[in-house]
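Undergrad: Task: produce atomic coordinates for the following.
(one chain, ligands or ions: 1)
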Amino acid sequence: MRKVKLFKPFVSWHAVWNTVKVLRSGQLAEGPRVKEFEEKFGQRFGLSNVLAVNSGTTALELAYELAGISKGDEVITPVLTCTATNIPLARRGANIVFADIERDLNISVEDVKKKTTPQTRAIVFVHFGGNNRGLRELIDFAREKNIILIEDAAQAVVSDFWGKADFTCVSLQAIKTLTSGDGGILVCKDNALYDKGKRLRWFGYDREKKQKFGDTDLVEAGYKYHMNDVSAAIGLGNFKVFDKIAAHHKDLMKAYQEGGIAAYPWFAFVLTDKRDALKEYLKKYGIDSGMHHYRNDQYTIFGGRKKFSMMDELENKYLLLPLHMGVSVADARKICKLVHNFNEVPKSN
Ligand SMILES: Cc1ncc(COP(=O)(O)O)c(C=O)c1O
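TA: Predicted coordinates:
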């Protein structure tokens, strides 16, 4: 029986070959491949001030640092997301204010507006599954209120609207649409903050200056968050076929949507009262499904469970379905049929 995993890394042959070349080149650390990757990434998505880092989480960590978020600062962020969105906020002692979600699992803009106070320093918009619903409205809202907007675009590279906020963070982790093994991209709107981010990702040094002229003084304490040439080689190799990847993800989205199932560029999902039973049923046909991300307020580090009308309602109902390069359009159609054949599974939305 053909098996379809919920997520699966995609590595092109270009990536394999590129990596072999870099491994044999004597240049494994950050070098020309990282620069090339940043340039190509920026060109492809029409973005400037692109910084390659070693994970989506470190891109977020740097964004929060550059946004000046420190102890006690109020930050509004979605309750349903990868914990990596919020762990760096907890680490810096920010006052995390969770916003509820809507039926499409993305943040509720209405709840963000309700929870905004004069103390709100930043809002984090997560493209959950690559869904950009809410971003346009939050850009206008944040501008009007003079609040920093940070996009967690970890799952969004196939979306048609992203990279518009003050800071945008992308993940290139193993199962993401575009992978470099592990890696991330930080895009900064502000030129000075981009320069600062470039220094902070490598201890606080101006790397080019130090490599050219020798040791320089350190005036800022930074991190070791830079990408290396091995990761960049994987990313560049996969980037060669990015148009194909994006087209396939869009074909799968279309197949799911035509089959009555909600789908975004990175996953499809259903809402069902019989989640465990549906999961088991799909498994019998070789189809993997799952929740993957959970409401963040349930974790002790984020202060414990609170009440959210939609999150409370959907908590035991959402089930993610596979949408990646290891899924064929025929698989997606079969999954739609299976979901609809499953007894009394209500339509997702
Ligand atoms: C929404 C979201 N934010 C942040 C991250 C963190 O990215 P990384 O695993 O590259 O650190 C991920 C993925 O893991 C994610 O899905």
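Undergrad: Let me see the ranges of the helices in this structure.
TA: Along the chain, counting by DSSP state H, helices occupy 13-25, 32-45, 56-66, 83-91, 109-115, 135-145, 191-200, 207-213, 229-239, 242-258, 275-284, 309-314, 329-341.
Undergrad: Can you check which of these gets nearest to the ligand?
TA: In terms of Cβ to the nearest ligand atom, the element of these nearest to the ligand is helix 56-66, at 2.5 Å. Every residue, glycine included, has its C-beta placed from N, CA and C.
Undergrad: how's this structure carved up into domains?
TA: Per automatic domain parsing, the structural domains of the chain span 13-239, 242-341.
Undergrad: So for Lys3, which of those sits nearest?
TA: Relative to Lys3, the nearest member of these by Cβ to Cβ is domain 242-341, separated by 4.3 Å.
Undergrad: can you give me the end-to-end distance of the closest one?
TA: For domain 242-341, the first and last residues are 34 Å from each other (Cα to Cα, to the nearest Å).
Undergrad: pLDDT (mean, whole number) over it?
TA: Here domain 242-341 scores 98 as its mean pLDDT.
Undergrad: Ala165 and Ala156 touch, don't they?
TA: No: in terms of Cβ atoms under 8 Å, Ala165 does not count as a neighbour of Ala156; the distance is 11.4 Å.
Undergrad: quick one: which of these two has more around it?
TA: Neighbour totals were compared for Ala165 and Ala156, and Ala156 leads with 30 against 24 (other Cβ atoms under 10 Å).
Undergrad: Hmm, that one is touching Pro265, no?
TA: Yes: Ala156 is in contact with Pro265 according to Cβ under 8 Å; the separation is 7.0 Å.
Undergrad: list residues touching both of those two?
TA: Common contacts of Ala156 and Pro265 (Cβ atoms under 8 Å, 6 or more residues apart in numbering): Gly130.
Undergrad: need the residues of the chain near the ligand, please.
TA: Counting by Cβ under 6 Å from any ligand atom, the residues of the chain close to the ligand are 55-57, 81-82, 84-85, 126, 152, 154-155, 171, 173, 184.
Undergrad: again, only this time at 8 Å
TA: Within reach of the ligand by Cβ under 8 Å from any ligand atom, the chain has these residues: 55-60, 81-82, 84-85, 126-128, 152, 154-155, 169, 171-173, 176, 182-184, 293.
Undergrad: Now do the same contact list for the most centrally placed residue in the chain.
TA: With distances taken as Cα atoms, centre = their mean, Ala154 lies nearest the centre of the chain, 1.3 Å away. Residues in contact with Ala154, defined by Cβ under 8 Å, 6+ apart, are 56, 82, 84-85, 126-127, 169-171, 173, 176, 184.
Undergrad: Can you give me the pLDDT of it?
TA: Model confidence at Ala154, given as pLDDT, is 98.
Undergrad: wait, what's in contact with Trp162?
TA: Applying Cβ under 8 Å, 6+ apart to Trp162 gives the contacts 127, 132, 135, 151, 153, 156, 168.
Undergrad: In strands, which of the residues you listed fall?
TA: Counted as lying in strands by DSSP state E, out of the contacts of Trp162, are 151, 168.
Undergrad: Tabulate the contacts of Trp162 (TSV), appending distance to Val339.
TA: Output for the contacts of Trp162, formatted as TSV (distance: Cβ to Cβ, whole Å):
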residue	distance to Val339
His127	24
Asn132	24
Leu135	28
Glu151	31
Ala153	28
Ala156	25
Thr168	33
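Undergrad: Can you name the two of the contacts of Trp162 that sit furthest apart?
TA: Spatial extent of the contacts of Trp162 (Cβ to Cβ) is set by the pair Asn132 and Thr168 at 11.8 Å.
Undergrad: roughly how far apart are Ala29 and the ligand?
TA: Here Ala29 is placed at a distance of 20 Å from the ligand (Cβ to the nearest ligand atom, to the nearest Å).
Undergrad: just Met291 next, same as before
TA: Using Cβ to the nearest ligand atom, Met291 is found at 13 Å from the ligand.
Undergrad: Looks like that residue contacts Tyr318 (just checking).
TA: Yes: between Met291 and Tyr318 there is a contact under Cβ under 8 Å: 6.7 Å.
Undergrad: Looking at those two, which one has more neighbours?
TA: Ranked by neighbour count (other Cβ under 10 Å), Met291 and Tyr318 place Tyr318 first, with 22 against 16.
Undergrad: these two touch, right, the more buried one and Leu271?
TA: Yes: between Tyr318 and Leu271 there is a contact at 5.8 Å, judged by Cβ under 8 Å.
Undergrad: Identify the contacts common to the two.
TA: Counting by Cβ under 8 Å, 6+ apart, nothing touches both Tyr318 and Leu271.
Undergrad: returning to that earlier point: quick check: which of the domains of the chain is buried the most?
TA: Of all the domains of the chain, domain 13-239 has the most neighbours on average by mean count of other Cβ atoms under 10 Å, namely a mean of 20.
Undergrad: ok so, going back, from the contacts of Ala154, which single one is nearest the ligand?
TA: When those are compared for distance to the ligand (Cβ to the nearest ligand atom), Gly56 wins out at 2.5 Å.
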